[in-house]
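Colleague: Need coordinates for the following:
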Amino acid sequence: MGFFDLFNEEEETQRKNRKEAREVDRVTDTEFASEDAHLDLREEELDIDKYRVETGDVVLHKDIVEEEKAVNVPVSHDQVVIERRAVDHEPTDEPITEEETVHIPVTAERIDVDKYTVVTGEVEAHKRSVQETEQVRDVLHKEVAEVETHGETDIIRED
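Modeller: Purely as a prediction, here's the structure:
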């Protein structure tokens with residue numbers, strides 16, 4: 001048995017109780033009218049309002065992480081190679097001087113490392129509204145006119 005079956009059964013029980021109460025004390029429950037009678041019928045309707053609530057938030061931030069990077073850079077440097085050769089006592093015309101000096105500059109490449117900053121991407125965040133449908137359920141009451149006849153009555157129903 002579902003929810004609405006229970007509701008319908010309860011409504012039927014209430015309707016029977018009202019009918020029995022009217023039959024017991026028909027004189028006090030009946031409005032006598034000379035010619036015309038008027039009965040207002042009412043029913044409930046749903047009044048649904050929507051409102052916004054904060055359900056959470058998103059925080060966008062940056063963290064700095066360190067990464068060690070190894071780069072192989074080829075470098076060169078000079079080597080001085082000293083070679084001695086034996087010469088077979090060849091005669092020469094040059095005299096022996098006091099000093100003779102030969103200067104050989106030696107060079108090597110050194111590495112100079114600098115860092116610079118570049119933009120590699122960006123992160124963008126924006127909100128958008130998404131439409132969904134939620135079903136609202138509630139029990140509504142309404143008044144329904146019941147026409148009871150007693151004895152011989154001639155009733156014309158215009159619905």
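Colleague: can you count the residues close to Glu109?
Modeller: With neighbours defined by other Cβ atoms under 10 Å, the count for Glu109 comes to 10. For glycine as for every other residue, the C-beta is placed from the backbone atoms N, C-alpha and C.
Colleague: Next up, phi/psi of the residue nearest to it when sequence neighbours are not counted, please.
Modeller: Leaving aside its chain neighbours, Glu109 sits nearest to Val75 (4.2 Å; criterion: Cβ to Cβ, 6 or more residues apart in numbering). Note on Val75: its backbone torsions stand at phi -130, psi 160 [degrees, to the nearest 10].
Colleague: OK, contacts around Val75?
Modeller: By Cβ atoms under 8 Å, 6 or more residues apart in numbering, Val75 lies in contact with 108-111.
Colleague: For Leu46, state which of those is nearest.
Modeller: Relative to Leu46, the closest of the contacts of Val75 is Ile111; by Cβ to Cβ it sits at 77.9 Å.
Colleague: Just confirm that closest one contacts Val73, I think it does.
Modeller: Yes - counting by Cβ atoms under 8 Å, Ile111 touches Val73, with 5.7 Å between them.
Colleague: and stretch 125-136, C-alpha only, in CSV?
Modeller: Provided in CSV are the C-alpha atoms of stretch 125-136 (Å, rounded to 0.1, in the frame of the first residue of the first chain):
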residue,chain,number,x,y,z
ALA,A,125,37.8,29.8,-13.6
HIS,A,126,34.3,31.0,-14.1
LYS,A,127,30.8,30.1,-12.9
ARG,A,128,27.8,29.1,-15.0
SER,A,129,24.2,28.5,-14.0
VAL,A,130,22.9,25.0,-14.6
GLN,A,131,19.1,24.5,-14.8
GLU,A,132,17.8,21.3,-13.1
THR,A,133,14.3,20.2,-12.1
GLU,A,134,13.4,19.1,-8.6
GLN,A,135,10.0,17.5,-7.9
VAL,A,136,8.0,18.9,-5.0
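Colleague: Pull out the buried residues from it.
Modeller: Residues of stretch 125-136 classed as buried: none (neighbour count, 16 or more other Cβ atoms under 10 Å).
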